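> Quick check, what structure comes out for this input:
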Amino acid sequence: MRIPNLLLVVPIIAVLSCTDAKKTAETNEVIPVKIINLKTSKSNENVIATGFISTENENKLAFKIGGVVDRIFVKEGQSFTKGQLLATLKLTEIDAQVSQAKLGYEKSKRDYARVYNLYKDSVSTLEQLQNSKTVLEIAEKTLEQATFNKKYAYILASSSGFVTKKIANEGEIIQGGFPVLAINENTDQKNWIVKIGVSESDWSLITEGNSCKIEVNGKLYSGTVSLKSRAIDSGSGTFQIEIKVKNATKDFAVGMFGKVTIDVARNKSTNIIPYNAVIEANGKNAYVFVPTSDSTVKKIPIEIESFNEKEVIVAKGLEGISSIITANSPFLNEQSKIKIIK
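Numbers count the residues shown, from 1 in each chain. So this is what the prediction gives:
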């Protein structure tokens, strides 16, 4: 009765022995591979972004004091020159305040002179003289204030520019400091800028003074980075950069679209490898095999920067590596035995 059991055991042992032999054969299998020496490319790195045309100084003009808007002499989009009168308040009430302050000052001046003479004759006391002098000084300052305020019943252009928006209208009653006109200052086409937003990684590459190329409506202009914001814009989630345009023309207008290419003046080294060397690519992440000896390999991760029709440009991962495996990479693992063929 023991013979059948023995017959069952023998085939099982034979099957297991064949399986182990197959695994050993697979483990010891030598895979032929080809290798290439890495190519390094050096180039100036650029940051490319888009933004809108504006000017360096954007202001909102207002009267210092409140009152009724009498005249606004410019329209939206209209240019103006330095010193040009842009708007005025009605002066009836303001002139009355100046006249009142002037009359008060003259009366206080007469009162002080009278008390001073009485004090010299020992009729008035020192306290009365001092009080009279204080009233005179207050009246003098009130007149100065009224005269000063009248000067700001007019809005004069501090520099040349153009009106981007008319906020108030003639006949409106406004408070002091309430904007009347929104303007952009621009003298001889020298104040045009392009405002762009960049990511954190691009922001770290940019420095003030970097040269730029600006494309607006198919025309190319030159410029430099004039301002690099030190705080992120909460609305867009980007860092704001301002580009000063060097050779702007009269074709520019606020709000126009521009494409900016910033030369960050940094020589960047990248490795170039063929497509068949890359395995397990997922977005910018992938792997390659590199020979560690004439018969062993190692799998290393890489970061892809870009690619073209023939090659892959590697940003990171191949530092210190001189050669990589190309042929038969999909059949390899880190336990594989290889044979390098020419």
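
> From here on, just use CA atoms for contacts and neighbour counts.
OK.

> so how far is residue 293 from the closest residue to residue 311 other than its chain neighbours?
Excluding the flanking residues, the one nearest residue 311 by CA to CA, 6 or more residues apart in numbering is residue 274, at 4.7 Å. Look at residue 274 and residue 293: by CA to CA, to the nearest Å, they are 21 Å apart.

> Could you list the low-pLDDT ranges of the stretch 151-300 of the chain?
The stretch 151-300 of the chain contains residues with pLDDT under 70 at 188-189, 265-269.

> Show me the helices in it, by range?
For the stretch 151-300 of the chain, applying DSSP state H, counting those that start in this stretch gives helices covering 200-205.

> can you pull the contacts of the closest residue to residue 91 other than its chain neighbours?
Spatially, and ignoring its direct neighbours in sequence, residue 91 is nearest to residue 153 (7.5 Å; CA to CA, 6+ apart). For residue 153, the contact set (CA atoms under 8 Å, 6 or more residues apart in numbering) comprises 63-65, 88-91.

> Which strand residues bridge residue 288?
Judged by DSSP bridges, the bridge partners of residue 288 are residue 300.

> Wait, it touches residue 274, no?
No. Taking CA atoms under 8 Å as the definition, residue 288 is not a contact partner of residue 274, at 10.7 Å.

> more neighbours, those two?
Between residue 288 and residue 274, residue 288 has the larger neighbour count (other CA atoms under 10 Å), namely 23 against 17.

> Quick check: the gap between that one and residue 146.
Residue 288 is 81 Å from residue 146, where distance means CA to CA.

> pLDDT at the residue found closest to residue 102 once you drop the neighbours it is linked to in the chain, what is it?
Leaving aside its chain neighbours, residue 102 sits nearest to residue 143 (5.7 Å; criterion: CA to CA, 6+ apart). Residue 143 carries a pLDDT score of 94 in this model.

> Just say helix, strand or coil for residue 143.
Using DSSP: H, G, I helix; E, B strand; the rest coil, the structure places residue 143 in helix.

> Look up how far residue 156 lies from it.
Using CA to CA, one gets 23 Å for the distance from residue 143 to residue 156.

> cool, and residue 123?
Going from residue 123 to residue 156 by CA to CA gives 53 Å.

> so where's the stretch 1-150 of the chain shaky on pLDDT?
Looking at the stretch 1-150 of the chain by pLDDT under 70, you get 1-28, 41-44.

> Helices along that one, start to end?
Under the criterion DSSP H, counting those that start in this stretch, the stretch 1-150 of the chain carries helices at the ranges 2-27, 92-120, 126-151.

> Run through the neighbouring helices and strands of the second one.
For helix 92-120, the elements it packs on are helix 126-151, judged by 3 or more CA pairs under 8 Å, 6 or more residues apart in numbering; DSSP states H and E.

> Residue nearest the middle of this structure, spatially speaking?
Residue closest to the mean C-alpha point of the chain, counted by CA atoms, centre = their mean, is residue 240 at 1.3 Å.

> which ones are touching residue 327?
Going by CA under 8 Å, 6+ apart, residue 327 touches 33-35, 276-277.

> mind putting these in JSON lines, neighbour count and distance to residue 304 included?
Output for the contacts of residue 327, formatted as JSON lines (neighbours: other CA atoms under 10 Å; distance: CA to CA, whole Å):
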{"residue": "33", "neighbour count": "20", "distance to residue 304": "23"}
{"residue": "34", "neighbour count": "17", "distance to residue 304": "22"}
{"residue": "35", "neighbour count": "17", "distance to residue 304": "20"}
{"residue": "276", "neighbour count": "15", "distance to residue 304": "14"}
{"residue": "277", "neighbour count": "22", "distance to residue 304": "13"}
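
> For those residues, please prepare TSV with the additional fields distance to residue 45.
Shown next, in TSV, are those (distance: CA to CA, whole Å):
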residue	distance to residue 45
33	35
34	32
35	29
276	27
277	25
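
> So which of the residues you listed belong to strands?
With strands taken from DSSP state E, the overlap with those comprises 33, 35.

> Looking at the contacts of residue 327, which one is closest to residue 342?
Nearest to residue 342 among those: residue 34, at 6.5 Å, using CA to CA.

> returning to that earlier point: compare the contacts of residue 153 and tell me which has the most neighbours.
Ranked by the number of neighbours (other CA under 10 Å), these place residue 89 first, at 26 neighbours.

> How much space separates residue 275 from residue 289?
With the distance defined as CA to CA, residue 275 ends up 13 Å from residue 289.

> The two: which is more packed in?
Using other CA under 10 Å as the criterion, residue 275 and residue 289 rank with residue 289 on top: 25 against 15.

> For the more buried one, give me its contacts.
Counting by CA under 8 Å, 6+ apart, residue 289 has contacts 277, 297-300, 324-325, 329.

> Having no further points to raise, I will conclude here.
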